[in-house]
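Trainee: Need a 3D model of the sequence below.
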Amino acid sequence: MTKKITKKELKQIKHLKSEIEMLKKQVENLDYVVTTDTVKGSTPYFPYIERNIKITGIDYKDYNRRLKRLQRMFRRRIEELMDLVEQANEYIGSIEDSLMRQILTLRYINGLTWEQVAASIGGNNTADSVRKAAERFLAKG
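Mentor: Numbers count the residues shown, from 1 in each chain. Here you go, the predicted structure:
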């Protein structure tokens, strides 16, 4: 018997997908941190006069740490999304009514709007009619 999935869990798929896109952009836009420091040095010839020399460079250690943290979050969200989509697909696949399977797949797995779902299904269905049908189905369990 397939575990029943709630409307809240189905809606979570869309939010996880958008969070994954957000994390992808964060990884792509991750900037290097430029660090400046001062060291003491002298001229290589006599008289060896000590002076402060300013050096500037990229802090790769900080960059790699931030990149790894974002990648870990990204992998966790991908796994969470894959698990949820797999559960949703199993649940939707266990529904006997073909029309309801199509409605739930188009809306929650493919992320279409209710208008797009109605247009994909055809048959003079409106956005409100497919939305109400899905809500009634999910409410009755």
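Trainee: Does the closest residue to E80 other than its chain neighbours fall in a helix, a strand, or a coil region?
Mentor: The spatial neighbour of E80 that comes closest, neighbours along the chain excluded (C-beta to C-beta, 6 or more residues apart in numbering), is L16 at 6.1 Å. Every residue, glycine included, has its C-beta placed from N, CA and C. Taken by DSSP: H, G, I helix; E, B strand; the rest coil, the conformation at L16 corresponds to helix.
Trainee: Helices of this structure, start to end?
Mentor: 7-28, 60-93, 98-104, 114-121, 127-140 (DSSP state H).
Trainee: coming back round to it: the residue nearest to E80: neighbour count?
Mentor: A total of 18 residues lie near L16 under the criterion other C-beta atoms under 10 Å.
Trainee: Correct me if wrong: it contacts E79.
Mentor: No - no contact is recorded between L16 and E79 when judged using C-beta atoms under 8 Å, the distance being 10.3 Å.
Trainee: Let's see the pLDDT reported for the closest residue to T113 other than its chain neighbours.
Mentor: Setting aside the residues directly before and after it, T113 is nearest to A127 in space (C-beta to C-beta, 6+ apart), at 7.5 Å. Turning to A127, the model gives it a pLDDT of 95.
Trainee: so who does A127 touch?
Mentor: For A127, the contacting residues are T113, W114, E115, V117, A118, by C-beta atoms under 8 Å, 6 or more residues apart in numbering.
Trainee: what about the second one, distance to T126?
Mentor: Plainly put, W114 is 9 Å away from T126 if you go by C-beta to C-beta, to the nearest Å.
Trainee: Compare the two (neighbour count), which wins?
Mentor: W114 (19 against 12).
Trainee: Tell me where the model's unsure across this structure.
Mentor: Applying pLDDT under 70 to the chain flags residues 1-2, 141.
Trainee: 90 - rerun?
Mentor: Residues of the chain that meet the criterion pLDDT under 90 lie in 1-35, 42-50, 58-59, 74, 77, 80-89, 123, 140-141.
Trainee: Cool, thanks, talk later.
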